[in-house]
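Asks: Here you go, sequence then predicted model.
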Amino acid sequence: MVNKKLILIGALLFYSCASFSVAQDSSILDKQPDFDINGMKLGDKLTVAFFNKHCSSANIDNAEIECKQKIKLNGIKLSILYFFHNGKLIALSFNYPSSKYSDLIDVYTKKFELSPHSNTEEPILLSTGAKYTNKKVSWNTASGEFVIQQYWNNLKKGSAHLSSTEYDKYKLSKSEKFNEGIIEKIFGDIFD
């Protein structure tokens, strides 16, 4: 009898906490800021006007299209790369002068009206033996996690990126197709 009461109390606590957790999670989702850059959001369709202006090296009939744009955001020079798949924006990244890292964080903190949820540092060792610390912050947005890192491929450039779950699926399918091709090339003659 005692065990049944403990199980019943445990179940009631579990379900009451679980429903509170779901309610709490939905309120967190409501507070996630929208991300856009220069009027573009993940999920937007590629327009002919945008294509003609920013996608000069691409073919509009391709399933995969990369477009480039240079802008200034509060005086910070950004080089943006938009990635469209089947005419829909599914990822974007940009680089900027790494000396503007703190300024860029301030811009997005004000824009989102929210401090970053994550702030990390990771040590990097260059092939020359030099050591430095790469700082990284991120925000959860309605479109996904927006990440800004102080350094990209060198100490002069920082990078930022945002990708959708569709982009993650796209990368996974590309990786699987690539791996299948490699395995076929390596083992094809053996198994034929």
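Replies: Cool, the structure landed. Residues are numbered from 1 along each chain as shown.

Asks: Now the element after the helix or strand of the chain with the lowest mean pLDDT, going C-ward?
Replies: When each helix and strand of the chain is scored by mean pLDDT, DSSP states H and E, helix 2-30 comes last, with a mean of 40. Following helix 2-30 in sequence order, the next helix or strand is helix 48-54 (DSSP states H and E).

Asks: Next, the residues that contact that following helix from outside, please.
Replies: 40, 58, 60, 65, 67-69, 82 (C-beta atoms under 8 Å, 6 or more residues apart in numbering). Using the backbone N, CA and C atoms, a C-beta is placed for each residue, glycine as well.

Asks: how long is stretch 70-86 end to end?
Replies: End-to-end distance for stretch 70-86, by C-alpha to C-alpha, to the nearest Å: 23 Å.

Asks: That one: which residues count as buried?
Replies: Under the neighbour-count criterion of 16 or more other C-beta atoms under 10 Å, stretch 70-86 has 73, 76, 78, 80-85 buried.

Asks: Same question for stretch 52-66.
Replies: Within stretch 52-66, the residues that count as buried by 16+ other C-beta under 10 Å are 54-55, 58, 65.

Asks: How about the contacts made by residue 116?
Replies: Applying C-beta under 8 Å, 6+ apart to residue 116 gives the contacts 105, 108-109, 137-139.

Asks: Likewise for residue 73?
Replies: Taking C-beta under 8 Å, 6+ apart, one finds 37, 104, 107 in contact with residue 73.

Asks: Tell me the pLDDT of the first one.
Replies: I take that to be residue 37. Looking at residue 37, its pLDDT stands at 90.

Asks: ok, now the second one?
Replies: Taken from the predicted model, the pLDDT recorded for residue 104 is 97.

Asks: pretty sure it contacts residue 149?
Replies: No. Using C-beta atoms under 8 Å, residue 104 is not in contact with residue 149; the gap is 10.3 Å.

Asks: Neighbour count: those two, which is higher?
Replies: residue 104 (22 against 19; other C-beta atoms under 10 Å).

Asks: How is that one assigned, secondary-structure-wise?
Replies: helix (DSSP: H, G, I helix; E, B strand; the rest coil).
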